[in-house]
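*Asks:* task: produce atomic coordinates for the following.
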Amino acid sequence: MSFTAVAALARDNDYRLIIIITGTSVPLFEQSTERLKEDLRLIKRKDRLWQFFANPKNRPEVKQRIASALESDENLAGIGKQTVLVTVMKNKTHLRNLIGLLSNLKSSHMPTLIIDDES
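*Replies:* Numbering: from 1, shown residues only. This is a model prediction of the structure:
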């Protein structure tokens, strides 16, 4: 629950990218991801405040979706901007995919939060 609350607070404070590193096994990863989706209402929401990615693959279409969410709404103040939320499993393949996705994004001045579910 604590990393869910921290993610929500980060979004309220204009963080545009939130990465949660969670689970060393598929069941643990899925449990944390499902809890986030439920608690933040990521599936039921009709608005577009969050762009959610679970273990995203390093593919051009995924990279474009993330880039579009982060680059859009630059003229809007705080609450109108999208926040990208990524859950990634503690696994070298998934972490490498994430690194590949985030490399070359225009995010050098973007507030970003990285949460390890054990810290």
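
*Asks:* okay, and the beta partners of the most centrally placed residue in the chain?
*Replies:* Ranked by distance to the mean C-alpha position of the chain (C-alpha atoms, centre = their mean), the top residue is Leu85 at 1.6 Å. Beta-bridge partners for Leu85, by DSSP bridges, are Ile18, Phe52.

*Asks:* where does the chain dip in pLDDT?
*Replies:* Applying pLDDT under 70 to the chain flags residues 1, 44-47, 72-80, 107-108, 119.

*Asks:* try it again with 90
*Replies:* Counting by pLDDT under 90, the ranges of the chain that qualify are 1-5, 7-8, 12-16, 23-24, 31-51, 58, 60, 63-83, 100-112, 116-119.

*Asks:* output the contacting helices and strands for the longest helix along it.
*Replies:* Longest helix in the chain by number of residues, with DSSP state H as the criterion: helix 26-39. Helices and strands touching helix 26-39, as assessed by 3 or more C-beta pairs under 8 Å, 6 or more residues apart in numbering; DSSP states H and E, comprise helix 2-12, strand 83-88. C-beta coordinates here come from the backbone N, C-alpha and C atoms, glycine included.

*Asks:* put the alpha carbons of the shortest one into PDB.
*Replies:* If I follow you right, that is strand 83-88. Coordinates of each C-alpha in strand 83-88 appear next as PDB, following Å, rounded to 0.1, in the frame of the first residue of the first chain:
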ATOM      1  CA  THR A  83       1.700  10.400 -15.700                       C
ATOM      2  CA  VAL A  84       3.400   7.300 -17.000                       C
ATOM      3  CA  LEU A  85       3.300   4.500 -14.500                       C
ATOM      4  CA  VAL A  86       5.500   1.500 -15.200                       C
ATOM      5  CA  THR A  87       5.700  -1.700 -13.100                       C
ATOM      6  CA  VAL A  88       8.700  -3.800 -13.900                       C
END
